[in-house]
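>>> no sequence on hand, only this structure:
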């Protein structure tokens, strides 16, 4: 259960100043330094550097929790043996302010795999040290489909607080977690009934703007995908895919990685994990040269199956937040909502269609 | 210690099995790690050469042999070639054990038919020694092992030892053309060798590892002998990075080889999407 309070603009300004002074990193959407049209999540030192409600940030929050490359260990190799030193698994406290709700939700979706039997301490140290204050999204365009995957522009999922713009430049703050409450407690006032009603209306308005993009994906879709693994449609769907992996890099939930060693010719070096993508040919290549997913059709099928069937069957939810970044940035014009829509239509039409 | 941090191991002994396949006998550098370490036959690990990277192999020794583990590998890529450059006394990294294991408890009181081809004997060897070290708890033990040529047979000293035992029925085979003038085993491919050696499946588990093509043509032979798919065990060997269910490399449809496997029954494999 959430509780709703009022956060004034001045209160938020003061909060950011206080946090920054205390050494807490505050990250918010800001105008990109290389392109004023674009927005990136970046550290800010005062609130007016933030660019709220301008545009969906180019990249999601993933890199703040699973960096594109990160050191797993340092080693030193001498004639007397090998010494390895661990990387610290603590993280500095930080606040993400103005996160888009789908980007916040993604983190909670990925938590499942990161805690599956073995806990990835590097991921969770950053998760635990971070408080996420999201802002009601009104940035939707035709590529968005968060409501189809069980989320929404007004969703609380993954957020500690959700802010909804209200009177006088202030916000109605929906306190979702104790962490969120601890962050804002001193800055909050009572929300008037009128302000709360307006916030609720704004939330439902925002939802309505996304809903027409793609109908809600039914639970049975996951089973249909599993059963139709060998359907010929995978070949035609993937024809435009270059296998570049841009979709995976920009995806808030794609979390696959590679582990590699790097040495500089001296006795020291590092072991790193780097983002990887199932769309590249070498991803599954055996040492023998045998490749279980030798064609792009198989690799694209893996991506869709993983997101909409495998992950739901393992962890109970879709590995996609409907942010649309993959569609907006695909050099081949692959459009995920369109593809999912086509597959859903085929699933609803039943097995007769397969025989045509 | 984060989950990607390896333990350091010292190479105790190096055995060249064939011209390109080598076995390393390894002990933990830290005695407290050694004391805590337990594994079951079929489990695997991530072995690393610092500066080169990690590679996935099964543990080829038996859990009944304490104080060390062994791995066997063929020099194929960057890491396996680097492993070959290491000497006795050198240090490598090891993370594990990971994955599931062969159902030794279930197999107790039954007969076991082991079938392996080439370096596929490595995971099977772990079970064979495990069973032989508890010999009185099992019924008949049959081993059918083959390789392309006599030179490609691994664990030759152990093959000799098994051949001498009266409580093991051993059938060795090499592919036609792979025999030497003094070769006393069969000249046949594995499916044929199994046909000639095995007469029934009564109360018997089958454990089979080897190249996919060998498994493909041996399964029908086992079916003809009336082995149910649930009593045939094998391992899958997908490319892996983490071994922990995180990195996303090894799945076959909904099945993660690192967590649901690497040991599967033939029945389970048949139900998987054919993408391995």
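Cool, got the structure. Just so you know, these numbers come straight off a predicted model, no measurement behind them. Numbers count the residues shown, from 1 in each chain, chains lettered A, B, ... in the order given.
>>> excluding its backbone neighbours, what's nearest the residue in chain A positioned nearest to chain B?
The nearest approach of chain A to chain B comes at residue A:256, 3.4 Å away (Cβ to the nearest Cβ). All C-beta atoms are positioned from the backbone trio N, CA, C, and that covers glycine. The shortest distance from residue A:256 to any non-neighbouring residue, by Cβ to Cβ, 6 or more residues apart in numbering or on different chains, is to residue B:248 (3.4 Å).
>>> neighbours of the one you found, just the number please.
Using other Cβ atoms under 10 Å in any protein chain shown, residue B:248 has 23 other residues around it.
>>> give me the residues contacting the longest strand along chain B.
The residue-count maximum for a strand in chain B (DSSP state E) belongs to strand B:7-16. With Cβ atoms under 8 Å, 6 or more residues apart in numbering or on different chains as the test, strand B:7-16 has contacts from A:81-82, A:84, B:22-30, B:33, B:68-69, B:86-95.
>>> on that earlier part again, for the residue nearest to residue A:256, what are its contacts?
A:255-257, A:276, A:278, A:306.
>>> that's a helix at residue B:41, yeah?
No - under DSSP: H, G, I helix; E, B strand; the rest coil, residue B:41 falls outside any helix and is assigned coil.
>>> these two touch, right, it and residue B:101?
Yes - between residue B:41 and residue B:101 there is a contact at 5.7 Å, judged by Cβ atoms under 8 Å.
>>> these two: who's more crowded?
In this view residue B:41 and residue B:101 are compared by other Cβ under 10 Å, and residue B:41 has more residues nearby, 26 against 19.
>>> get me the contact residues on the stretch 251-356 of chain A for chain B.
Residues of the stretch 251-356 of chain A lying close to chain B by Cβ under 8 Å from any Cβ of the partner chain are A:255-263, A:269, A:271, A:273, A:276, A:278, A:283-288, A:290, A:292-293, A:298, A:302, A:305-306, A:309-310, A:313-314.
>>> selecting buried members of these in PyMOL, what would you type?
Under the burial definition 16 or more other Cβ atoms under 10 Å in any protein chain shown, those of these that qualify are selected in PyMOL by:
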select buried, chain A and resi 255+256+257+258+259+260+261+269+271+273+276+278+283+284+285+287+292+293+298+302+305+306+309+310+314
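>>> and the stretch 101-250 of chain B, which of its residues are near chain A?
Proximity of the stretch 101-250 of chain B to chain A, by Cβ under 8 Å from any Cβ, involves residues B:212, B:237-239, B:241-242, B:244-249.
>>> contact partners for residue B:227?
By Cβ under 8 Å, 6+ apart, the neighbours of residue B:227 are B:201, B:204, B:206.
>>> doesn't residue B:231 make contact with the first one?
To tie it back to what came earlier, the one meant is residue B:201. Yes - counting by Cβ under 8 Å, residue B:201 does reach residue B:231; the two are 7.5 Å apart.
>>> all the strands of chain A, in order from the start?
If DSSP E is used as the criterion, the strands of chain A fall at A:3-7, A:25-32, A:35-44, A:69-78, A:81-86, A:94-99, A:130-135, A:161-165, A:171-175, A:188-190, A:257-263, A:268-275.
>>> ok so, going back, biggest separation within the contacts of residue B:248, which pair?
Comparing all pairs in the contacts of residue B:248 by Cβ to Cβ, the longest separation belongs to A:257 and A:306, at 14.3 Å.
>>> wait, what's in contact with the nearest residue to residue A:171 once chain neighbours are set aside?
For residue A:171, ignoring the flanking residues on the chain, the nearest one in space by Cβ to Cβ, 6+ apart is residue A:163 at 4.0 Å. The contact partners of residue A:163, taken as Cβ under 8 Å, 6+ apart, are A:7, A:98, A:133-136, A:171-174.
>>> just to revisit the earlier point, in TSV, list the strands of chain A along with mean pLDDT.
Shown next, in TSV, are these (pLDDT from 0 to 100):
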stretch	mean pLDDT
strand A:3-7	94
strand A:25-32	98
strand A:35-44	96
strand A:69-78	94
strand A:81-86	91
strand A:94-99	98
strand A:130-135	98
strand A:161-165	97
strand A:171-175	97
strand A:188-190	91
strand A:257-263	95
strand A:268-275	96
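>>> can I get the ones you listed in JSON lines with distance to residue A:339?
Shown next, in JSON lines, are the strands of chain A (distance: least, Cβ to Cβ, whole Å):
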{"stretch": "strand A:3-7", "distance to residue A:339": "38"}
{"stretch": "strand A:25-32", "distance to residue A:339": "28"}
{"stretch": "strand A:35-44", "distance to residue A:339": "26"}
{"stretch": "strand A:69-78", "distance to residue A:339": "30"}
{"stretch": "strand A:81-86", "distance to residue A:339": "42"}
{"stretch": "strand A:94-99", "distance to residue A:339": "27"}
{"stretch": "strand A:130-135", "distance to residue A:339": "28"}
{"stretch": "strand A:161-165", "distance to residue A:339": "30"}
{"stretch": "strand A:171-175", "distance to residue A:339": "33"}
{"stretch": "strand A:188-190", "distance to residue A:339": "43"}
{"stretch": "strand A:257-263", "distance to residue A:339": "25"}
{"stretch": "strand A:268-275", "distance to residue A:339": "23"}
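>>> can I see the domain layout of the chain?
Using chain A. Annotated domains of chain A cover A:3-211, A:220-355 [automatic domain parsing].
>>> chain B was what I was after
B:7-98, B:104-235.
>>> centre of the chain to the shortest one, how far?
To tie it back to what came earlier, the one meant is domain B:7-98. Its chain's C-alpha centre and that of domain B:7-98 lie 14 Å apart, by Cα atoms, centre = their mean, to the nearest Å.
>>> likewise for the last one?
Using Cα atoms, centre = their mean, the mean C-alpha position of domain B:104-235 is found 11 Å from that of the whole chain.
>>> measure it end to end?
End-to-end distance of domain B:104-235 (Cα to Cα, to the nearest Å): 15 Å.
>>> any idea of the mean pLDDT in it?
On average, the pLDDT along domain B:104-235 is 96.
>>> for residue B:215, give me its contacts.
Residue B:215 is in contact with B:208-209, B:234, counting by Cβ under 8 Å, 6+ apart.
>>> contacts for the helix with the most length in chain A, please.
In chain A, taking DSSP state H as the definition, the longest helix is helix A:193-210. Contact with helix A:193-210 is made by A:4, A:6, A:136-138, A:140, A:144-147, A:152-154, A:164-167, A:172, A:174, A:191, A:322, as judged by Cβ under 8 Å, 6+ apart.
>>> so residue B:126 sits against residue B:42, correct?
Yes - counting by Cβ under 8 Å, residue B:42 is a contact partner of residue B:126 at 6.8 Å.
>>> now for these two: what residues contact both?
Common contacts of residue B:126 and residue B:42 (Cβ under 8 Å, 6+ apart): residue B:58.
>>> about what we covered before: just put the contacts of residue B:248 in TSV and tack on distance to residue B:185.
TSV is the format used below for those (distance: Cβ to Cβ, whole Å):
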residue	distance to residue B:185
A:255	49
A:256	45
A:257	45
A:276	44
A:278	43
A:306	45
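>>> between those residues, which is nearest residue A:71?
Nearest member of these to residue A:71, counting by Cβ to Cβ, is residue A:257, at 12.8 Å.
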